[in-house]
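1. just need the structure, nothing else, for what follows:
(2 chains)
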There are 2 protein chains.
Amino acid sequence: MRVGELSRRTRVSVPSIKYYLREGLLAPGRRTGPNQAEYSEEHVRRLRLVRALLDVGNLSVAAAQLVLAAVDDEDRPLHMVLGTAQHAMNPSAELPDDEPTARARARVAELVARRGWQVVERNPGWPAAVEVLATYERLGHRDLAAALEPYADAMETLAAKEVEAIVAGDDREQTVEGAVTGMVLGASLLTALRTMAQEAASARRLGSRAEPGRRPQVDRRSSG
Amino acid sequence: MRVGELSRRTRVSVPSIKYYLREGLLAPGRRTGPNQAEYSEEHVRRLRLVRALLDVGNLSVAAAQLVLAAVDDEDRPLHMVLGTAQHAMNPSAELPDDEPTARARARVAELVARRGWQVVERNPGWPAAVEVLATYERLGHRDLAAALEPYADAMETLAAKEVEAIVAGDDREQTVEGAVTGMVLGASLLTALRTMAQEAASARRLGSRAEPGRRPQVDRRSSG
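-> So this is what the prediction gives:
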């Protein structure tokens, strides 16, 4: 298909497609003339993945480039591809050498040890977690760090299921792409569900959000 | 204090401070001369919050502006301030009118109804969740949507605790700022812990990540 049809099929504008081609996020089409190229179903598929990582997963173009290069490298073991996706999702934190950081480091190391998590300190989540805890303290909200244990409980349970699903796959290409997609877009899904669950918990705790002309809804769970 | 000391205290460069002043993220100091202003502890505190929202919470400057304006408006009820933070964290999704979107909408509506979540469709998490599920289907990874229920379980449990902690506060300013901080930075903390937990789950399931010269670590949980 021509670039116009590729654009229609994927709802991605031609200028955006050309930008992705220049940035190497999309492989060039097969040249059929001086200003013409032919694109395949493979391009449709890849373009959808590019848009998903950028628009739904909120990766930067640079981060998406790294992730896609890792997906495309057939010699790279699955766990290294996933490691690249993890780096893309946790912007590398430059941790200052101060008291809150030292306390946060100790807290995270203790969490990892107590849970028996086999995690290397290079794991990009490690400094990212330290940074959030240190920031809570600097802002005078040390109480927020109380969320660490319930958060870790929840993520431990989810991660076990996610890894099980990844391991169950048999086709390499499908498995790698699915694993990366679930890792990147899963973070957006978690944030979305947390947002909804917070409203629900707030309504349950405080009564319905006051909205003009809107009666509090019946709590369907307690009413049957 | 002068701008130089404000910069030293907060480790934020003077040009960045001037940028935040121009963008209204930071209130002007008290004018003490034609090119001189005096800043207070209030500025130190606010500057730390600005940096936390931008650098640790990954909000855009525009999103941080909205959130801080909401925090500063003393007449705004807490739930509306939190609603603003929720919008800032879930980039508004323009949902296409296609089959995957229709199926994803039905799936999320069914989830909300079954769990008795009192959530309005305007909640920014709602379209964001629909978008992720529809994207999974478009990419040929419908199996990833199986994560919806365990994710919702986890977020329901966490949200109840988060709302309880917010409600427990008594000082309005401290409560609002803490709630917003926990909401925005909490998403980064969840992503960080998920990243670590995935590595731990993967090591547990597949054996240690192969690293040259590095022996698999002993699983501390099962050995003690």
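2. can you map out the strands along chain A?
-> With DSSP state E as the criterion, chain A has strands at A:30-33, A:36-38.
3. what's the average pLDDT for the shortest one?
-> By that I understand strand A:36-38. Confidence for strand A:36-38, expressed as mean pLDDT, is 91.
4. check the first one too.
-> Throughout strand A:30-33, pLDDT has a mean value of 90.
5. paired strands for that strand, with orientation please.
-> Sheet pairing here is set by DSSP bridges, and for strand A:30-33 it gives strand A:36-38 (antiparallel).
6. give the contact list for residue A:18.
-> If a contact means C-beta atoms under 8 Å, 6 or more residues apart in numbering or on different chains, then residue A:18 has residue A:3 as its contacts. The C-beta positions use only the backbone N, C-alpha and C, and glycine is treated the same way.
7. okay, it: pLDDT?
-> Reading off the confidence values, residue A:18 has pLDDT 94.
8. residue A:171 now?
-> If you check residue A:171, the pLDDT there is 73.
9. what's the nearest residue to residue A:82 once chain neighbours are set aside in contact with, if anything?
-> Closest residue in space to residue A:82, ignoring its immediate chain neighbours: residue A:179 at 5.9 Å, by C-beta to C-beta, 6 or more residues apart in numbering or on different chains. With contact taken as C-beta under 8 Å, 6+ apart, residue A:179 is in contact with A:78, A:81, A:82, A:85, A:166, A:169.
10. quick one on the thing from earlier: which one, of the strands of chain A, ends up nearest to residue A:11?
-> strand A:36-38 (19.7 Å; C-beta to C-beta).
11. what sits up against the closest one?
-> A:1, A:2, A:3, A:28, A:29, A:30, A:31, A:32.
12. do the same with stretch A:134-154
-> The set of residues external to stretch A:134-154 that reach it, using C-beta under 8 Å, 6+ apart, is A:95-96, A:98, A:100-101, A:103-104, A:107, A:111, A:115, A:129, A:133, B:45, B:48-49, B:52, B:56, B:154-155, B:157-158, B:161-162, B:165, B:174, B:177-178, B:181-182, B:185-186, B:189-190, B:193, B:197.
13. against chain B, how distant is the residue nearest the centre of chain A?
-> Nearest to the geometric centre of chain A sits residue A:184, at 2.6 Å (C-alpha atoms, centre = their mean). Remark: distance between residue A:184 and chain B (C-beta to the nearest C-beta, to the nearest Å) = 10 Å.
14. hmm, who's touching the lowest-mean-pLDDT helix or strand in chain A?
-> Comparing every helix and strand of chain A by mean pLDDT, DSSP states H and E singles out helix A:78-89 as the least confident one, with a mean of 85. For helix A:78-89, the external contacting residues (C-beta under 8 Å, 6+ apart) are A:57, A:59, A:63-64, A:66-67, A:70-71, A:73, A:123-125, A:166, A:172, A:175-176, A:179-180, A:183-184, A:187, B:191, B:195, B:198-199, B:202, B:206, B:209-210.
15. before we move on, the earlier item: give me the buried subset of the contacts of strand A:36-38.
-> With neighbours counted using 16 or more other C-beta atoms under 10 Å in any protein chain shown, the contacts of strand A:36-38 contain these buried positions: A:1, A:3, A:29.
16. hang on, the earlier thing: can you put the contacts of strand A:36-38 in TSV and add distance to residue B:149?
-> Supplementary listing: the contacts of strand A:36-38 in TSV, determined by distance: C-beta to C-beta, whole Å:
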residue	distance to residue B:149
A:1	38
A:2	42
A:3	40
A:28	41
A:29	41
A:30	43
A:31	48
A:32	47
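17. in chain A, where is pLDDT below threshold?
-> Residues of chain A that meet the criterion pLDDT under 70 lie in A:169-170, A:207-224.
18. which single one of the buried ones among the contacts of strand A:36-38 is nearest to chain B?
-> Using C-beta to the nearest C-beta, residue A:1 comes nearest to chain B of the buried ones among the contacts of strand A:36-38, at 17.5 Å.
19. OK, contacts around the closest one?
-> Residues near residue A:1 by C-beta under 8 Å, 6+ apart: A:9, A:38, A:39, A:40.
20. can you name the two of those residues that sit furthest apart?
-> A:9 and A:38 (13.7 Å).
21. could you find the closest non-adjacent residue to the residue nearest to the centre of chain A?
-> What sits nearest to residue A:184 in space, not counting adjacent residues and going by C-beta to C-beta, 6+ apart, is residue A:57, at 3.7 Å.
22. distance of the one you found relative to residue A:51?
-> Applying C-beta to C-beta, to the nearest Å, the value for residue A:57 to residue A:51 is 10 Å.
23. give me the more crowded residue out of the two.
-> With other C-beta atoms under 10 Å in any protein chain shown as the criterion, residue A:57 and residue A:51 differ in neighbour count, and residue A:57 comes out ahead with 26 against 21.
24. enumerate every residue touching that one.
-> For residue A:57, the contacting residues are A:89, A:184, A:185, A:187, A:188, taking C-beta under 8 Å, 6+ apart as the criterion.
25. let's go with 6 Å and repeat that
-> Residue A:57 makes contacts with A:184, A:185, A:188, as judged by C-beta atoms under 6 Å, 6 or more residues apart in numbering or on different chains.
26. so how far does stretch A:108-124 reach from one end to the other?
-> Distance between the boundary residues of stretch A:108-124 (C-alpha to C-alpha, to the nearest Å) amounts to 13 Å.
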